[in-house]
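Participant: Return atomic coordinates for the entry below.
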Amino acid sequence: MNITAAVSRGGDAPLAIETLALRAPTADEVLVRVVASGICHTDSTTREAFPPGLPIVLGHEGAGIVEAVGSRVTGVSVGDHVLMTYQSCGECAECSCDLPGYCAHWATLNAGRFGPDSPLRAGEEPVTGGFFGQSSFASHVLATTRNIVVIDPDVDLVSAAPFGCAVQTGAGAVTHVLAPDASSVLAIFGVGGVGMSAVMAARTIGVGTVVAVDLSPERLELASELGADVVIDGGDTDAAAQITALGNGGATHALDTTGAAPVIATAIDSLTARGVLALVGLGPSTLPVEVAKLIGRGKTIRGSIEGDVNPHTYLPQLVQWHRDGKLPIERLIRAYPLDRVNDAIADAASGAVVKPVITFS
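Facilitator: Numbers count the residues shown, from 1 in each chain. Down below sits the predicted model:
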């Protein structure tokens with residue numbers, strides 16, 4: 001079938017709206033008509049790093065409606081409303097332990113399908129598809145039951161699209177990785193889509209003190225409205241000291257969403273004795289860390305991917321929080337039609353919008 005997609009052809013060149021051919025679903029695949037797709041920082045970094053001249057359709061926060069299912073597919077029916085997330089094998093040790101984000105085959109399953117293996121074509125030219133098991137910057141995608149979650153048809157798909165990556169990453173890092181409580185001080189560094197989700201999750205589970213750190217006054221104001229007790233300008237040279245002055249000797253828990261080495265250093269300095277810092281933002285491949293600061297105060301740094309959650313159980317929880325008014329994700333979102341995808345990417349990069357979402361008519 002013919003579909004419409006935003007195609008990246010290398011580097012920072014604008015995405016081009018093209019008509020592509022999408023093959024029919026196999027026995028284990030599901031065809032989804034995309035209604036909305038969030039734009040995530042990972043889309044931009046992948047676009048910049050992808051080999052020039054090798055076309056790819058990005059997008060990995062898709063939401064839509066099922067139009068066809070393969071003969072071996074169970075639990076999903078035509079007409080179902082679904083959220084899409086990352087792909088996993090379901091069989092390795094990590095998947096068997098309910099941690100599909102650490103799937104042993106993560107890289108192979110989520111990097112996209114290249115060459116003859118790709119489900120997409122522009123004429124005779126293969127276009128890399130299946131990015132994160134979806135490539136949702138397109139009107140239609142192929143997915144599997146491993147990376148789709150069926151939700152009620154009354155859920156707003158534009159608001160819920162980011163649940164599949166950014167929201168579950170930030171919220172899950174709080175609820176499943178750090179697990180702070182009413183006696184805790186949680187410092188969140190970087191309040192974009194992931195960080196704002198962390199703020200809202202922290203308020204939902206009753207964290208004692210929630211601190212938001214960012215360079216943008218507008219984002220800090222929004223973070224305060226969404227539940228942050230304290231906001232700090234990340235450009236202040238004494239940001240760590242401001243956190244340690246809050247009491248308890250510093251942050252018992254911290255979350256870095258930026259991946260920036262100087263910010264991570266500040267986060268480490270802000271921790272109290274035996275404090276824990278979770279990293280979810282990709283940045284430099286190596287970080288200069290003063291080991292004495294960790295050993296001498298018993299501090300811990302750990303990584304997390306996709307919030308350490310199982311999307312099939314966690315995304316319905318996020319949907320319920322949204323219903324209950326505890327996760328007003330729509331306050332972060334600005335919707336753009338597909339033909340304005342480049343404007344959406346530019347606005348995200350400039351900080352003009354927290355969470356852009358592409359919509360399909």
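Participant: how about the strands in the stretch 201-350 of the chain?
Facilitator: Secondary structure of the stretch 201-350 of the chain (DSSP state E, counting those that start in this stretch): strands located at 209-214, 230-233, 251-256, 271-279, 300-303, 333-337.
Participant: The longest one packs against which elements?
Facilitator: Using 3 or more CB pairs under 8 Å, 6 or more residues apart in numbering; DSSP states H and E as the contact criterion, the secondary-structure elements in contact with strand 271-279 are strand 251-256, helix 261-270, strand 300-303. The way it works is simple: take the backbone N, C-alpha and C, and place the C-beta from them, glycine included.
Participant: Among these, show me which one is buried the most.
Facilitator: strand 251-256 (a mean of 28; mean count of other CB atoms under 10 Å).
Participant: domain ranges for the chain?
Facilitator: Segmentation of the chain into domains, based on automatic domain parsing, reads 2-154+328-359, 167-305.
Participant: of those domains, which approaches His312 most closely?
Facilitator: domain 2-154+328-359 (5.6 Å; CB to CB).
Participant: Figure out the length between the terminal residues of the closest one.
Facilitator: End-to-end distance for domain 2-154+328-359, by CA to CA, to the nearest Å: 18 Å.
Participant: swap in stretch 210-226?
Facilitator: 11 Å.
Participant: Kindly report the same for stretch 123-140.
Facilitator: 17 Å.
Participant: mind listing what the residue nearest to Thr19 when sequence neighbours are not counted touches?
Facilitator: Of all residues not flanking Thr19 in the chain, Asn2 sits nearest, at 5.5 Å (CB to CB, 6 or more residues apart in numbering). Contacts for Asn2 (CB atoms under 8 Å, 6 or more residues apart in numbering) come out as Thr19, Leu20, Ala21, Leu22.
Participant: Just put the helices and strands packed on strand 271-279 in CSV and tack on mean pLDDT and distance to Gly192.
Facilitator: Output for those, formatted as CSV (pLDDT from 0 to 100; distance: least, CB to CB, whole Å):
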stretch, mean pLDDT, distance to Gly192
strand 251-256, 98, 12
helix 261-270, 95, 12
strand 300-303, 96, 18
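Participant: Pull the number of nearby residues for Arg331.
Facilitator: 14 (other CB atoms under 10 Å).
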